[in-house]
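Q: sequence and predicted model, in that order:
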Amino acid sequence: MAGPLALVGGDELNPGNEPQDRLLVEAARRGPAYVLATAAARQRPELAVGHARAWFSALGLDVEELPVRTRTQARSPEVAQRAAAGGFFYLVGGDPGLVADVLRDSGVWKAIVSAWRAGAPLAGSSAGAMAMAEWTLIRGRHPGDRERRYREALALVPALAVLPHFGGFGRSWVPSALAARPNDDAVLLGLDERAAAVWTDGRWHAMGGGGVTVITSSGERRFEAGDDVDGLPRPALR
């Protein structure tokens, strides 16, 4: 059985994220617990790793970095072997396009997915969550541009695009994200900071300190912590 899968809206590893992070920690399997700073590779990734170590240590879990900051590392058989033995994975936020570009079709990502399908918890926040969908949303033209365009991501959750920081700037992406949807079945998932959509027990659940919004061609539905979340595609369990 697959482990929990958590898509987090940002401001990860800070107070307000305890509900989903405790669930992930409790579900950790035997083997190393890994944080991936791929999305932060251009933004002082060592700080993200240090923050993750301190945060999860306070929750009773020792984490270490799985070094996947470059495409070369993602293709490394040695790093893939380390990933295959992992019992916990957390992808931090950062650059929305970088995670997908580095991990797509790589041996490391295949090993992570196999470990998750075998029961290890897997989570991503902000850019990390965006990469797990079928598409990630990247800047349309220039810094500060609210227009978003679609780029192929890792497709662990098909027919989905994630809009993180939805209680803030993420909502401003909705018009362009709706207008540019690759097909009519595409679902947008708005995640407030410190909120998470968590797949466990065969369903999606809303957890954390904010709300979860599902946007389709039929409109928007908002879910609060403790609610089952309807309208989201199932993850690729096989």
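A: In hand now; what should we look at?
Q: now do the helices in this structure.
A: In the chain, the helices defined using DSSP state H lie at 18-27, 45-58, 71-74, 77-84, 98-103, 107-117, 127-132, 174-179.
Q: which of those helices has the lowest average pLDDT?
A: For the helices of the chain, the weakest mean pLDDT is recorded on helix 174-179, namely a mean of 88.
Q: convert that helix to CSV, retaining C-alpha atoms only.
A: Taking C-alpha atoms only, helix 174-179 is exported to CSV below (Å, rounded to 0.1, in the frame of the first residue of the first chain):
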residue,chain,number,x,y,z
VAL,A,174,-6.3,31.6,-11.5
PRO,A,175,-7.4,33.5,-14.6
SER,A,176,-4.4,32.6,-16.7
ALA,A,177,-4.2,29.1,-15.4
LEU,A,178,-7.9,28.5,-16.3
ALA,A,179,-7.5,30.1,-19.7
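Q: what's in contact with it?
A: If you take CB atoms under 8 Å, 6 or more residues apart in numbering as the criterion, helix 174-179 is touched by 137, 140, 146, 147, 148, 149, 161, 163, 188, 190, 215. To be clear about C-beta, it is placed using only N, CA and C from the backbone, and glycine gets the same treatment.
Q: buried stuff in it?
A: For helix 174-179, the neighbour count (16 or more other CB atoms under 10 Å) marks 174, 176, 177 as buried.
Q: could you dump the residues you listed into CSV with distance to residue 229 added?
A: Shown next, in CSV, are the buried residues of helix 174-179 (distance: CB to CB, whole Å):
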residue, distance to residue 229
174, 18
176, 24
177, 19
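Q: which secondary element of the protein has the worst mean pLDDT?
A: The weakest-scoring helix or strand in the chain, judged by mean pLDDT, DSSP states H and E, is strand 148-152 (a mean of 86).
Q: coming back round to it: what is the nearest of the buried residues of helix 174-179 to residue 45?
A: residue 177 (27.5 Å; CB to CB).
Q: what pairs with the residue nearest to the closest one when sequence neighbours are not counted across the strands?
A: Of all residues not flanking residue 177 in the chain, residue 148 sits nearest, at 5.2 Å (CB to CB, 6 or more residues apart in numbering). Applying DSSP bridges to residue 148 gives these bridge partners: residue 139.
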